[in-house]
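>>> have a look; sequence and predicted model below, questions after that.
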Amino acid sequence: NFNRYTYAELRDSINTSYDRELLQACREELRQRVKLFYAWKSKNQKRKSPFALNNRIDEVDEQASKDTVNN
């Protein structure tokens, strides 16, 4: 059960472990969290006006998603 793990702990487990089962479980948990995040983000962006969004926030979100996918 990886619900109590932080993103950093999941990332560190993926980057340092040689146990295939642990790697697969960590990756699956991370995928689920990213999927939930994008669903939440999409739902909340529909509520906001396009003028209220800050371009810097979008850049940070985009970079974070790239980092998550690359790890």
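Great, that's in hand.

>>> looking at the chain, which helix or strand does the model trust least?
Within the chain, no helix or strand scores below helix 55-70, which has a mean of 63 by mean pLDDT, DSSP states H and E.

>>> for the record, mean pLDDT for the helix ranked longest in the chain?
Secondary structure of the chain per DSSP state H: the longest helix is helix 20-47. For helix 20-47, mean pLDDT rounds to 89.

>>> start the count at 12 instead of 1 going forward.
Sounds good: first residue 12 from here, last item helix 31-58.

>>> tell me which other helices or strands it touches.
helix 18-27, helix 66-81 (3 or more CB pairs under 8 Å, 6 or more residues apart in numbering; DSSP states H and E). For the C-beta atoms, the positions are set from N, CA and C on the backbone; glycine is no exception.

>>> and that helix, what's buried?
Neighbour-count burial for helix 31-58, counted by 16 or more other CB atoms under 10 Å, picks out Ala36, Cys37, Glu40, Leu41, Arg44.

>>> farthest pair in those?
Greatest spacing in these, by CB to CB: Ala36 and Arg44 (12.8 Å).

>>> wait, what's in contact with Ala50?
If a contact means CB atoms under 8 Å, 6 or more residues apart in numbering, then Ala50 has no contacts.

>>> next, count neighbours for Val20.
Let me fix one detail, which is that residue 20 is Glu and not Val. With neighbours defined by other CB atoms under 10 Å, the count for Glu20 comes to 12.
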